[in-house]
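Q: Output the structure for:
(one chain, ligands or ions: 1)
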Amino acid sequence: MPPKPEPLAPHPDLSDYYARSEERSAFVRDIFDETAPWYEWMIAIPSFGTGFRYRSDALARHGWRAGVRLLDLATGTGVVARAALESTGGKGNVIGVDPSLGMLLEARNGPMRDRLVEATGTALPFRDGSFDMISVGFAMRHFGDLRAAFEEMRRVLVPGGTLLVLEITPPRSRIARGALGLYMGKIVPLLTRLRTGSPEAARLMRYYWDTTLHCVPPEVILGALADAGFQAPRRDVELAVFSEYNARA
Ligand SMILES: C[S@@+](CC[C@H](N)C(=O)[O-])C[C@H]1O[C@@H](n2cnc3c(N)ncnc32)[C@H](O)[C@@H]1O
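A: Numbers count the residues shown, from 1 in each chain. Below is the predicted model of the structure:
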């Protein structure tokens, strides 16, 4: 048997947040658990309240419609899943998965109440070919091993099913990257702290920008999708920074 490839981390270790690689997943789970009550307030700050509309439009652009069985992986408080359900008048076939109990408890307050499962992206408790589409909203950078996570997603998709990964990619221009970094890395955490009173919520927003800035480039993500057996992986870009990765199982 060929040797197993090394894990493909989406970003290097970030020592401002955890000391060793092995501590990364516990750090991520704990910070989402602790900040879950403020999550939807927090994401409204950088997106000026447009995040729900953006997610809804992105789903439609990539083939979401009534009748499609959708797994919203890393669902968090269920923003992508709710956008999907709303566009089908609540009749969509949507399951949300997340490893953070805190986030899932928040999601339980909404229409995803009975459609939530606690799991990580690399160990999905579903049979092969259970879904027609998988969405991953602004969470890929938290997976420990991109290839392993993409392989698991391909397993639970039907052949020909669609994977849609939404991420933010820093702009190429140094000036634009510097300006966005000032806003996302400094101003947004400050506003988050003022609005929520939670130092952890402000820390999560700083982490959000640091993981965005240090994330592997789009070519590596497209390569990992192909390595995991996905067909025709491609990246569409909206508003210069929103990457929409699309691939067929
Ligand atoms: C920034 S939130 C995104 C929530 C939602 N998808 C959205 O669009 O707002 C990231 C989510 O990824 C989840 N997450 C972190 N590591 C994960 C993993 N290994 N597998 C699945 N989900 C993970 C976190 O618990 C958190 O809820």
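
Q: Could I get the contacting residues of Arg154?
A: Leu163, Ala228, Gly229, Phe230, Ala249 (CB atoms under 8 Å, 6 or more residues apart in numbering). Every C-beta, even on glycine, is put in place using the N, C-alpha and C of the backbone.

Q: what's around the fourth one, how many residues?
A: By other CB atoms under 10 Å, the residues close to Phe230 number 23.

Q: Same check on the last one?
A: Here the neighbour count serves as a burial measure; for Ala249 (other CB under 10 Å) it reads 23.

Q: so how far is Glu200 from it?
A: According to CB to CB, to the nearest Å, Ala249 and Glu200 sit 37 Å apart.

Q: ok, now the second one?
A: Going from Ala228 to Glu200 by CB to CB gives 33 Å.

Q: Looking at those two, which is more packed in?
A: Ala228 (22 against 16).

Q: Would you agree the more buried one is in contact with Arg155?
A: No. Using CB atoms under 8 Å, Ala228 is not in contact with Arg155; the gap is 9.4 Å.

Q: then the strand ranked longest in the chain to PDB, C-alphas only?
A: Secondary structure of the chain per DSSP state E: the longest strand is strand 157-168. Extracted in PDB, the C-alpha atoms of strand 157-168 (Å, rounded to 0.1, in the frame of the first residue of the first chain):
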ATOM      1  CA  LEU A 157     -22.100  12.800  -1.700                       C
ATOM      2  CA  VAL A 158     -23.800  10.900  -4.500                       C
ATOM      3  CA  PRO A 159     -21.600  10.500  -7.600                       C
ATOM      4  CA  GLY A 160     -22.000  13.800  -9.500                       C
ATOM      5  CA  GLY A 161     -23.100  15.600  -6.300                       C
ATOM      6  CA  THR A 162     -21.900  19.200  -5.700                       C
ATOM      7  CA  LEU A 163     -19.500  20.500  -3.000                       C
ATOM      8  CA  LEU A 164     -19.700  24.300  -2.400                       C
ATOM      9  CA  VAL A 165     -17.100  25.800  -0.100                       C
ATOM     10  CA  LEU A 166     -17.400  29.500   0.800                       C
ATOM     11  CA  GLU A 167     -14.300  31.200   2.100                       C
ATOM     12  CA  ILE A 168     -12.700  34.700   2.200                       C
END
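
Q: ok, it near the ligand or not?
A: No. Using CB under 6 Å from any ligand atom, we find that strand 157-168 stays clear of the ligand, coming within 6.8 Å at best.

Q: Can you point out the buried residues in stretch 107-125?
A: Under the neighbour-count criterion of 16 or more other CB atoms under 10 Å, stretch 107-125 has Ala107, Met112, Arg115, Leu116, Thr120, Gly121, Thr122, Leu124 buried.

Q: Keep the residues you listed, but drop any that are not near the ligand.
A: Near the ligand, by the rule CB under 6 Å from any ligand atom, you find Thr120, Gly121 out of these.

Q: Which ones among the buried residues of stretch 107-125 lie within helices?
A: Ala107 (DSSP state H).

Q: Can you tell me which helices and strands the helix or strand bottoming out on mean pLDDT in the chain packs against?
A: The weakest-scoring helix or strand in the chain, judged by mean pLDDT, DSSP states H and E, is helix 39-47 (a mean of 83). In terms of contacts (3 or more CB pairs under 8 Å, 6 or more residues apart in numbering; DSSP states H and E), helix 39-47 is packed against helix 51-61, helix 101-107, helix 188-196, helix 199-214.

Q: I appreciate the help and will end here.
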